[in-house]
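*Asks:* sequence? don't have it. structure:
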């Protein structure tokens, strides 16, 4: 990954209300550095509906449309259409939602916006549970995890929903994953998304030390370990789902080490860790194979 | 001292009391979605239901939670979902479906301030009319309300009993104060809890008609998977459950849906009263506000002011006869509530101008204090 210059522009100020080590807060700061002041934010119910703070202590120097839980993508669609009708083609409309508002209750709206290829950037900050309401499981919660609705006696048995493949199936022009440990990569992806017309989906891995029962100072390290252990691959899907690029330029690290610092996995036994490690490797192999396969087929859209 | 000395006494949040009450009522299915301030009901049941041999599912949204609750109930399981304001709005279409198809289920709404996202962590009583009329179309529904954690426990049990008895969705309203206050709950002996189960068909499958005319207007819905095959639809239907276009039959159905509840008003409604017999000023209060009202009555009586309280524990059907009776006796009725007069409207209608109705609404996210009520009483005097 190329080192880059961190833009000095700062649209997110201090005084936000997030917990210590909040990945979602870091993610917003980086995204806004790239997007600039000509941006409108649409945020459904999620941590970020609170993080921004109450009047007059708003931490974000941009207009925010705080919407009903299930409507981030479609409010963004309407907002963009309205702006265009009024002759404003410059403003970037970004929907910014958590994984619950994206993978679960907001999926229908997001699918609708993506199918119409509405000109919005949709960022999902993925902290793998409903953190704002008190750490309940979402369909993004990984297998094995404890949450307040998946107690250790009945921890989550289902794998995390593959949202990237669902979005790829919509043939939208740009899809990417990112991690708060790689801000330059994330900013480059947001910048690219801004330059493309149509629906852009970026899913950023954003650790939640509070919900993961982890020390706040491990937030960035966990975000890095998730990538290097292949748990959360960094990838880009371009050309309407036809091309896949997976980032592989790292020293692989252990899945177990990534998981063991998080209290939400503390109850897992050795054999369960073994199984999870196997699953991660299998998914990674499949992803790499898919990248090769797609590269071997000439693109329909050049 | 300790748990062993008082095995039936527990300290519980109102939300946990709902969950425990549901288990005691025989609830074995819960489908829900995270929302403040009701999430503790789901969290508690995610541990307790599997232990009791039941099923807990966290759904992908509020609509799904209501749908799954209806689906599970059709198999005969006593089914529950819990939510708050925005989630309650999302559930409304399916609540109407349960009314129309007469599938029993319980919906707990821990009320927070609205409209929209409103005040997720602050109390309100702004959904009392929505509970009655939230879903479209003519229908009747039973709405209970709880003022304490003890109430939350007992009213959850009663909600299931009424749902099973009248084959209808039953809504239990808590406000955020009741949901989140931890206080004493006395758990009755299991043998002393009266439980009602829905009627079972007494005819063989080939003669069975789910919505056949019954004396008590309540249908007999066989549990799915027991050999009784029938159609369930949200369209207007006849006794077989299949859709119809016959106007006379449509009318019969819609009238029956309301009649089966209002004709049993006396069995359903329930009130608590305090010092009402010789009262010159009446208070009509429910939920956590009723507790402030009780305190206000005690303080006014100590000063020699004759005040009494009518506290409904069932909001719908509305206790109109009791309100009229009170209106005839008193000089004025004060209606303190955490909204801008939603139940005061009903009190006004029911009192038939026998007494002036004074609204005491509060919508700033703070509870109504006894002081406020006492002050208004003194103004009236």
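*Replies:* The structure has been received and is ready for your questions. As the structure is a prediction and not an experimental result, all values here were calculated from the model.

*Asks:* in the longest strand belonging to chain B, what counts as buried?
*Replies:* Longest strand of chain B, by residue count under DSSP state E: strand B:105-113. Buried positions in strand B:105-113, judged by neighbour count with 16 or more other CB atoms under 10 Å in any protein chain shown: B:105, B:106, B:107, B:108, B:109, B:110, B:111, B:112, B:113. (C-beta placed from N, C-alpha, C; glycine too.)

*Asks:* Partner strands of it, with direction?
*Replies:* strand B:78-83 (parallel), strand B:119-123 (antiparallel), strand B:169-175 (parallel) (DSSP bridges).

*Asks:* Can you check the pLDDT for residue A:5?
*Replies:* On pLDDT, residue A:5 comes in at 79.

*Asks:* Is there a neighbour count for it? I'd like the number.
*Replies:* Residues near residue A:5, counting by other CB atoms under 10 Å in any protein chain shown, number 7.

*Asks:* to the chain's geometric centre, what's the distance from the longest strand of chain B?
*Replies:* Centroid separation between strand B:105-113 and its chain, computed with CA atoms, centre = their mean, to the nearest Å, is 8 Å.

*Asks:* for stretch A:140-149, same thing?
*Replies:* 17 Å.

*Asks:* Quickly check: it near chain B or not.
*Replies:* Yes - Stretch A:140-149 reaches chain B (CB under 8 Å from any CB of the partner chain) through A:148, A:149.

*Asks:* who touches the residue lying closest to residue B:125 once chain neighbours are set aside in this structure?
*Replies:* Excluding the flanking residues, the one nearest residue B:125 by CB to CB, 6 or more residues apart in numbering or on different chains is residue B:338, at 4.1 Å. By CB atoms under 8 Å, 6 or more residues apart in numbering or on different chains, the contact list for residue B:338 reads B:111, B:123-126, B:175, B:287, B:289, B:361-363, B:367-368.

*Asks:* can you list those in CSV and add distance to residue A:180?
*Replies:* Shown next, in CSV, are those (distance: CB to CB, whole Å):
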residue, distance to residue A:180
B:111, 37
B:123, 36
B:124, 37
B:125, 42
B:126, 39
B:175, 39
B:287, 43
B:289, 46
B:361, 46
B:362, 43
B:363, 40
B:367, 40
B:368, 45
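
*Asks:* most surrounded residue in those residues?
*Replies:* Most crowded among the contacts of residue B:338, counting by other CB under 10 Å, is residue B:175 at 32 neighbours.

*Asks:* now that residue, which residues is it bridged with?
*Replies:* Taking DSSP bridges as the rule, residue B:175 bridges to residue B:111.

*Asks:* Could you list the residues of chain B in contact with chain A?
*Replies:* Counting by CB under 8 Å from any CB, chain B sits next to chain A at B:33-36, B:39, B:42-43, B:46-47, B:50-51, B:56, B:58, B:60-62, B:86, B:90, B:116-117.

*Asks:* of those, buried ones?
*Replies:* Among the residues of chain B next to chain A, the ones that count as buried by 16+ other CB under 10 Å are B:33-36, B:39, B:42-43, B:46-47, B:56, B:58, B:60-62, B:86, B:90, B:117.

*Asks:* Can you pick out the ones from these that are in strands?
*Replies:* Judged by DSSP E, those include B:56, B:58 as members of strands.

*Asks:* Show me which positions of stretch B:317-333 end up buried.
*Replies:* So for stretch B:317-333, counting by 16+ other CB under 10 Å, buried means B:317-320, B:322-327, B:330, B:332-333.

*Asks:* now the longest helix along chain A: mean pLDDT?
*Replies:* The longest helix of chain A (DSSP state H) is helix A:270-296. Mean pLDDT, computed over helix A:270-296, is 97.

*Asks:* Low-confidence bits of the stretch 201-350 of chain B, can you list those?
*Replies:* Across the stretch 201-350 of chain B, nothing is flagged by pLDDT under 70.

*Asks:* can you give me the helices in it?
*Replies:* B:247-262, B:265-268, B:288-302, B:320-329, B:342-351 (DSSP state H, counting those that start in this stretch).

*Asks:* Quick one, which of these gets closest to residue B:195.
*Replies:* helix B:265-268 (16.1 Å; CB to CB).

*Asks:* Right, and chain B sits closest to which residue of the stretch 151-300 of chain A?
*Replies:* Residue nearest to chain B within the stretch 151-300 of chain A (CB to the nearest CB): residue A:151, separated by 4.7 Å.

*Asks:* wait, that residue sits on residue B:45?
*Replies:* No - counting by CB atoms under 8 Å, residue A:151 stays clear of residue B:45, with 10.5 Å between them.

*Asks:* what about these two, which has more around it?
*Replies:* residue B:45 (28 against 16).

*Asks:* That one: what's it in contact with?
*Replies:* Contacts for residue B:45 (CB under 8 Å, 6+ apart) come out as B:19, B:22, B:23, B:30, B:32, B:54, B:56, B:80.

*Asks:* List only buried entries from these.
*Replies:* For those, a burial check counting by 16+ other CB under 10 Å picks out B:19, B:22, B:23, B:30, B:32, B:54, B:56, B:80.

*Asks:* State the pair within these that is farthest apart.
*Replies:* Farthest-apart pair in the buried ones among the contacts of residue B:45 is B:23 and B:32; separation 14.7 Å (CB to CB).

*Asks:* Give me the neighbour count for residue B:101.
*Replies:* 23.

*Asks:* List the contacts of the closest residue to chain A within the stretch 201-350 of chain B.
*Replies:* Going by CB to the nearest CB, chain A is nearest to residue B:234 of the stretch 201-350 of chain B, at 20.2 Å. Counting by CB under 8 Å, 6+ apart, residue B:234 touches B:96, B:97, B:100, B:101.

*Asks:* Nearest residue to the residue of the stretch 151-300 of chain A closest to chain B in space, please, no chain neighbours.
*Replies:* Using CB to CB, 6+ apart and skipping the chain neighbours, the partner closest in space to residue A:151 is residue B:47 (4.7 Å).

*Asks:* for residue A:23, same thing?
*Replies:* Nearest non-adjacent residue to residue A:23, counting by CB to CB, 6+ apart: residue A:206, 3.1 Å away.

*Asks:* what sits against the one you found?
*Replies:* With contact set as CB under 8 Å, 6+ apart, residue A:206 has these partners: A:22, A:23, A:24, A:26, A:27, A:125, A:126, A:127, A:180, A:223.

*Asks:* Apply 6 Å and report the result again.
*Replies:* Residue A:206 sits next to A:23, A:24, A:27, A:125, A:127, A:180 when contact means CB atoms under 6 Å, 6 or more residues apart in numbering or on different chains.

*Asks:* now the strands for chain A?
*Replies:* Going by DSSP E, chain A shows strands at A:39-43, A:64-66, A:92-98, A:121-126, A:174-179, A:200-205, A:235-238, A:243-246.

*Asks:* JSON lines for those, including mean pLDDT?
*Replies:* Converted to JSON lines, the strands of chain A look like this (pLDDT from 0 to 100):
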{"stretch": "strand A:39-43", "mean pLDDT": "97"}
{"stretch": "strand A:64-66", "mean pLDDT": "95"}
{"stretch": "strand A:92-98", "mean pLDDT": "98"}
{"stretch": "strand A:121-126", "mean pLDDT": "98"}
{"stretch": "strand A:174-179", "mean pLDDT": "98"}
{"stretch": "strand A:200-205", "mean pLDDT": "98"}
{"stretch": "strand A:235-238", "mean pLDDT": "97"}
{"stretch": "strand A:243-246", "mean pLDDT": "96"}
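
*Asks:* can the ones you listed go into TSV with extra columns for distance to chain B?
*Replies:* Shown next, in TSV, are those (distance: least, CB to the nearest CB, whole Å):
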stretch	distance to chain B
strand A:39-43	11
strand A:64-66	7
strand A:92-98	11
strand A:121-126	15
strand A:174-179	21
strand A:200-205	17
strand A:235-238	24
strand A:243-246	27
